[in-house]
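Asks: Dropping the sequence and predicted coords here.
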Protein chains: 2
Amino acid sequence: MTTAAAHDAVTLSLAEVEALTRAALLACGVDPLNEPAITASVVAAEAEGIHSHGLARLPTYCEHARVGKIDGKARPVLDSPRPGLLRVDARCGFAHPAIDFGLPALCDAAKTQGIAALAITNSYNCGVVGYHVERIAAQGFLALGFVNAPASIAPMGGTRPVFGTNPIALAVPRAGREPLVLDQSSSVVAKSEIVVHQQRGEPIPLGWALDNDGNPTTDPDAALAGGTMVPAGGYKGAGLALIVELFAAWLTGANLSIDASSFADNLGGSPRTGQFFIAIDSGATAGPDATARLEHLFGAILEQEGARLPGERRIKAKQRTAAQGVTIAAALLQRLRSYAA
Amino acid sequence: MTTAAAHDAVTLSLAEVEALTRAALLACGVDPLNEPAITASVVAAEAEGIHSHGLARLPTYCEHARVGKIDGKARPVLDSPRPGLLRVDARCGFAHPAIDFGLPALCDAAKTQGIAALAITNSYNCGVVGYHVERIAAQGFLALGFVNAPASIAPMGGTRPVFGTNPIALAVPRAGREPLVLDQSSSVVAKSEIVVHQQRGEPIPLGWALDNDGNPTTDPDAALAGGTMVPAGGYKGAGLALIVELFAAWLTGANLSIDASSFADNLGGSPRTGQFFIAIDSGATAGPDATARLEHLFGAILEQEGARLPGERRIKAKQRTAAQGVTIAAALLQRLRSYAA
């Protein structure tokens, strides 16, 4: 660990990120069987430069475990109601151990059935959705993930929030390199972007959020207090949010976004949101030249000046982090150490 | 059939639409075993007010069957490479008979496996995607559909088309009423909207399309000759188009959008595009109160002034068409009669 030139920034290695995360979670009462799944996701987020889902999120995880909004000791329960369907009840515990518990069974089922799905219910914020689908693709499957979150997007024509920012994520295996991962929320920007501007006391660009009358706003407070997130592509973003809502929340038996408590504060009991993953063994239908066809598609993108594939920034961040470590605010480090103490 | 007040418009009943469509397809060499699936989709599109995929599309279907771009006599072949995966080879014939051939097997597999998928390869324009997923939902399944089309959307950061307007569609069964159907392209508007403006000699609104340098254009000719369709929500629409491309084209072994010939002209042989459908038996995971939870979600939308559910316009059009029939240009009727002769 090195203290950076500025007094308020410190640089950690990924090993230090891991040790700190583990210590903080365990000290807040998270079961040693559950902790590794959460820690691994925090380390992966920091490695890929997605700080909002890395150490910056950890105080909330710790707080929720400490006050009991999330049951850090809950052990997920897996069953398979049908040959192609797996279900994990997270039992109001963390999402990560529940997902990790279901993934091997999902991949086994996809191998034999050709297509299989994993429904996670009574769950919580699962961090970066792309992280989960990437791990399914690393096992050789085309993967799709749907995740719901507390309501913040209004339906087509409405002004009050009904859908979460509801991300969708896709991952596809590539020969000889990491899977391609696409991970995007249904809103123009992730909600954490608004929070960052609020914390800095800065206005947000027009087009990100609406106030509680449905009017465009540059005020992050108006956006977060009764306002809504603008869906990407107008009504089409709201349409995508509805698709994600049906898969992640309705189909899993989880709380709908309108009924989920906040991922941020300590109120309202467990959010009990849901995740839904589909894994497909592409070998059965994509044909013998599937690998060449996939690279033919990606080649048609990469040959264009300025064009890029989804996930390229994360891959570059990974290389940078491996060489330079992770820089965070000293105040955050202090806070995390106090949880770990 | 009644001639409307204006000399150039005629009104047809749905029975007349059906008879005319059937006669035109059969006269152009479409096999009597294939014709009913196509005719039913044309009638359904006209019934729901989606004229671009109804009689307005029929001359192209007829032309393609007549010149052999599409093999109107091809009989689809079904196999099941895995318990949860069905595959239909449309054999360069029409999409509709291929999809209809696979749907019963898809629903059977979804019932026993919990989730199943149908991959259609060597296919063609399938009309309204929502029409197909609605029929899966009418059998009691949550349905998702992906369809690719000749390339017209540029990738993130690029200027040359790589993805089709690649629609995604969802349908979910509702108790005591028609399924909810959501059907949206990855572009701001469907390509047929540009064609309509071109035919009328009218400019298109800024934001619909880009010219071949990637600049916004109001000229429909510039949009259609080497230009691209603007993805809905910017790079997020391009991301959705990529997801659809991987499912509909890559996973099915069909032509990628960059390799597909036009759906409009007679050149380039069969487009050999693809469709991919997922059906899920929601009863296994959505819980005993699934119906109430679904209506709770829809209620939170409908209670908002001005908000509406996807598909409401189509449902209203259906009532209007049943009462008033379908009005088309007399020139189109004349053209269709010449195919039928």
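Replies: Yep, that arrived. Numbering: from 1, shown residues only, chains lettered A, B, ... in the order given.
Asks: Who's the closest spatial neighbour of A:R314, skipping the chain neighbours?
Replies: A:E48 (4.3 Å; CB to CB, 6 or more residues apart in numbering or on different chains). For every residue, glycine as well, the C-beta is placed using N, CA and C.
Asks: what about the longest helix in chain A?
Replies: helix A:95-113 (DSSP state H).
Asks: what's downstream of that one, the next helix or strand?
Replies: strand A:115-123 (DSSP states H and E).
Asks: Given that following strand, what are its sheet partners and their directions?
Replies: Note on strand A:115-123: by DSSP bridges, its sheet partners are strand A:85-89 (parallel), strand A:273-280 (antiparallel).
Asks: Out of those strands, which one sits most buried?
Replies: Of all these, strand A:273-280 has the most neighbours on average by mean count of other CB atoms under 10 Å in any protein chain shown, namely a mean of 29.
Asks: Which residues of the stretch 101-250 of chain A lie near chain B?
Replies: Within the stretch 101-250 of chain A, the positions lying close to chain B (CB under 8 Å from any CB of the partner chain) are A:112-117, A:119, A:121, A:142, A:144, A:154-160, A:162, A:168, A:170, A:172, A:182, A:184, A:188, A:231-234, A:236-237, A:239-240, A:242-243, A:245-247, A:250.
Asks: what sits against A:G130?
Replies: A:G145, A:A169, A:A171, A:V181, A:L182, A:D183, A:G311, A:R314 (CB atoms under 8 Å, 6 or more residues apart in numbering or on different chains).
Asks: Would you double-check that the fifth one falls in a strand?
Replies: Yes - assigned with DSSP: H, G, I helix; E, B strand; the rest coil, A:L182 falls within a strand.
Asks: And for the closest residue to it other than its chain neighbours, the neighbour number?
Replies: Using CB to CB, 6+ apart and skipping residues adjacent in sequence, the residue nearest A:L182 is A:P310, 3.9 Å away. A:P310 has 23 neighbouring residues, counting by other CB atoms under 10 Å in any protein chain shown.
Asks: got the phi/psi numbers for A:P310?
Replies: Main-chain torsions, A:P310, degrees, to the nearest 10: phi -60, psi 140.
Asks: Mind pulling up the pLDDT for A:A4?
Replies: If you check A:A4, the pLDDT there is 47.
Asks: what's the answer for A:K191, then?
Replies: 87.
Asks: unless I'm mixing things up, it is touching A:P161, no?
Replies: No - assessed by CB atoms under 8 Å, A:K191 is found out of contact with A:P161, at 10.8 Å.
Asks: Show me whatever sits in contact with both of those two.
Replies: With CB under 8 Å, 6+ apart as the test, A:K191 and A:P161 both reach A:S152, A:M229.
Asks: Just the residues contacting the helix or strand harbouring A:A143, thanks.
Replies: Here A:A143 sits within strand A:142-147, counting by DSSP H and E. Under the criterion CB under 8 Å, 6+ apart, residues A:126, A:129-130, A:132-134, A:136-137, A:164, A:166-173, A:243-244, A:247-248, A:273-280, A:282, B:243, B:246-247, B:251 lie in contact with strand A:142-147.
Asks: Compute the inter-axis angle for it and strand B:142-147.
Replies: Using axes from the mean of the first three to the mean of the last three CA atoms, to 10 degrees, the direction of strand A:142-147 lies 130 degrees away from that of strand B:142-147.
Asks: which residue sits closest to A:R174, ignoring its sequence neighbours?
Replies: Nearest to A:R174 is A:L180, by CB to CB, 6+ apart, at 6.0 Å.
Asks: so where do the strands sit in the stretch 201-341 of chain A?
Replies: A:209-210, A:216-217, A:228-229, A:273-280, A:326-329 (DSSP state E, counting those that start in this stretch).
Asks: For the residue nearest to A:A286 when sequence neighbours are not counted, the count of nearby residues, please.
Replies: What sits nearest to A:A286 in space, not counting adjacent residues and going by CB to CB, 6+ apart, is B:L251, at 5.3 Å. The criterion is other CB under 10 Å. On that basis, B:L251 has 26 neighbouring residues.
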